[in-house]
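Participant: attaching a predicted model along with its sequence, questions to come.
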Amino acid sequence: MGQCKGVREVGYFDCDGGGQIVVDGNFAYIGHVNGTTGTTIVDVSDPKTPRQVANIPTASGIHAHKVRAANGLMLVNREHPPRRKGPPLTPEEMSQPVGLGIYDISDPRRPKEITLWRCTGNGVHRFTFDGRYAYISPEMEGYVGNIVVILDLKDPARPEEVGRWWMPGQWIAGGETPSWKGRAHRCHHPIRLGDRLYTSYWHGGAVILDISDMGKPKCVGAIDWSPPFPWPTHSCVPIPFPLAGRQWMLVADEDVLPLDPDLCRDMAAFMWMVDITDETRPMPVASFQVDGVNGKRNKEMTGCHQPIEDITDTEVPFAWFAQGLRFVDISNPNGPREVASYLPDVPAGADRVCSNDVFRDARGLVYVIDRVRGFHILERTGN
């Protein structure tokens, strides 16, 4: 049952480890991390007894660890997985097409592939979807690293690119020269609110894009603290209501691939509160770290990873890697504080938990998926 503080476990579903979990209606959609498990659809109408209703496996060499569902469509990334350990992908694995898989889920028990929007390089990493437009992070011919692309899925069989943006220096085919090493500056994923895309750009920081003209996205504000902080920027989540009379963005750095490992031997990545009242000058004003993390010799994936991306109130659930699930109260933006937590039991075959993603559904239930195995369904019970 794990270690509960202010939450109650409602249900558990045993499955291969996941990179993302989202819920649409009565169904949870899981993008798996390892192997060829691909994407699993689970009926969660009774959260005490979740039941698998469909699975879409992938070919060897394809990472399908992200998924979104809305308006009768399911989108799944197709990416060549990064391998920092073990043998590289074989030529056959590298020949598998990459991009964005688009499925008809009008009946979630019988998903039907509509098409694969193809791109180049390693494919699409992460993305968001509002039921009409997909905001994605593909690798594209002529660019170094992932860029921002907006796809119109009005006709899902014929996705149409309507806009793209890249950090100056990425378009090497256009004569640009990056000022950074390798793929350090690349789009992780954009999140839309109104006519803005709040875009994480890995070691390129956070970028706010104006998409009032989708065909011509333009940067209206940006901030990058890496360096001096060594971790990459993973998620930039806009807060859709004012706090203390001002506008805010929550930024999560990811506890992986630091620029300088020596700088974070006794620290781990954390979250930031960023004042974007003047979006041309984002200002970080506060941060939050789980108690007891800093001051130790930490392994990678000890600290912050991912919050929910649809913030509806001042209590934000976070997947905090080896610290499990953390509920952070941001009502005082200068002093975010933990108000509840859930540390799952360690999955079989692992030496610690690895809470990778979190989602909160319309019923208020919270889903947290482990990178190694299984997902838990939780209910907030109070302090």
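Facilitator: Structure received.

Participant: only C-alpha atoms from now on, for both contacts and neighbour counts.
Facilitator: Noted.

Participant: how many neighbours does Pro156 have?
Facilitator: 18 (other C-alpha atoms under 10 Å).

Participant: what strand or helix carries Glu93?
Facilitator: Taking DSSP states H and E as the criterion, Glu93 maps to helix 91-94.

Participant: contacting residues around that helix?
Facilitator: 59-62, 80 (C-alpha atoms under 8 Å, 6 or more residues apart in numbering).

Participant: what's the answer for stretch 4-15, then?
Facilitator: With C-alpha under 8 Å, 6+ apart, stretch 4-15 has contacts from 1, 47-51, 339-343, 373-383.

Participant: could you do stretch 32-51 as well?
Facilitator: Here stretch 32-51 has contacts from 10-13, 16-20, 26-31, 52-60, 62-67, 76, 108-109, 371, 377, using C-alpha under 8 Å, 6+ apart.

Participant: from those, list the buried ones, please.
Facilitator: Taking 16 or more other C-alpha atoms under 10 Å as the criterion, what is buried in the contacts of stretch 32-51 is 10-13, 16-20, 27-31, 52, 54-56, 58, 60, 62-67, 76, 108, 371, 377.

Participant: lowest confidence element among the helices and strands of this structure?
Facilitator: Across the helices and strands of the chain, mean pLDDT, DSSP states H and E gives its lowest value to helix 91-94, namely a mean of 92.

Participant: returning to that earlier point: among the contacts of stretch 4-15, name the ones in helices.
Facilitator: For the contacts of stretch 4-15, not one is inside helices, with DSSP state H as the criterion.

Participant: contacts only, for Met271.
Facilitator: 250-253, 287-289, 304.

Participant: among the residues you listed, who's most crowded?
Facilitator: Each of the contacts of Met271 was scored for neighbours by other C-alpha under 10 Å, and Cys304 scores highest at 29 neighbours.

Participant: report the contact partners of that residue.
Facilitator: By C-alpha under 8 Å, 6+ apart, the contact list for Cys304 reads 252-255, 268-271, 289, 318-321.

Participant: report the two of those separated the most.
Facilitator: Taking C-alpha to C-alpha, the two most distant members of those are Ala268 and Phe318; they sit 14.9 Å apart.

Participant: residue contacts, the nearest residue to Gly163 once chain neighbours are set aside?
Facilitator: Using C-alpha to C-alpha, 6 or more residues apart in numbering and skipping the chain neighbours, the partner closest in space to Gly163 is Gly215 (4.3 Å). Residues in contact with Gly215 (C-alpha under 8 Å, 6+ apart) are 162-164.

Participant: likewise Ala322?
Facilitator: 301-303, 352-355.

Participant: what does Arg192 give?
Facilitator: Contacts of Arg192 (C-alpha under 8 Å, 6+ apart): 128, 135, 198.

Participant: same thing with Pro138?
Facilitator: Contacts of Pro138 (C-alpha under 8 Å, 6+ apart): 99, 119-120, 123-125, 146-149.

Participant: closest to Pro87 out of the residues you listed?
Facilitator: Once C-alpha to C-alpha is applied, the member of the contacts of Pro138 that ends up nearest Pro87 is Gly123, at 19.6 Å.

Participant: helix/strand/coil for the closest one?
Facilitator: Counting by DSSP: H, G, I helix; E, B strand; the rest coil, the backbone at Gly123 sits in strand.

Participant: show me what contacts it?
Facilitator: Residues near Gly123 by C-alpha under 8 Å, 6+ apart: 77-80, 98-100, 138-139.

Participant: buried ones only from those residues, please, as a ChimeraX command.
Facilitator: A single ChimeraX command suffices to select whichever of the contacts of Gly123 are buried according to 16+ other C-alpha under 10 Å:
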select :77,78,79,80,98,99,100,138,139
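
Participant: give me the pLDDT for Leu263.
Facilitator: As predicted, Leu263 sits at a pLDDT of 81.

Participant: the one 4 residues further on now?
Facilitator: Here the pLDDT value assigned to Met267 is 92.

Participant: next one: Asp260
Facilitator: For Asp260, pLDDT reads 88.

Participant: how about Phe359?
Facilitator: For Phe359, the model assigns a pLDDT of 98.

Participant: so it touches Val366, yeah?
Facilitator: Yes - the criterion here is C-alpha atoms under 8 Å, and Phe359 meets it with Val366 at 5.7 Å.

Participant: any shared contact partners between those two?
Facilitator: With C-alpha under 8 Å, 6+ apart as the test, Phe359 and Val366 reach no residue in common.

Participant: for Gly99, grab phi and psi.
Facilitator: Torsion angles at Gly99 (phi, psi; degrees, to the nearest 10) stand at phi 150, psi -130.

Participant: now it: closest residue in space that isn't a chain neighbour?
Facilitator: Arg118 (4.3 Å).
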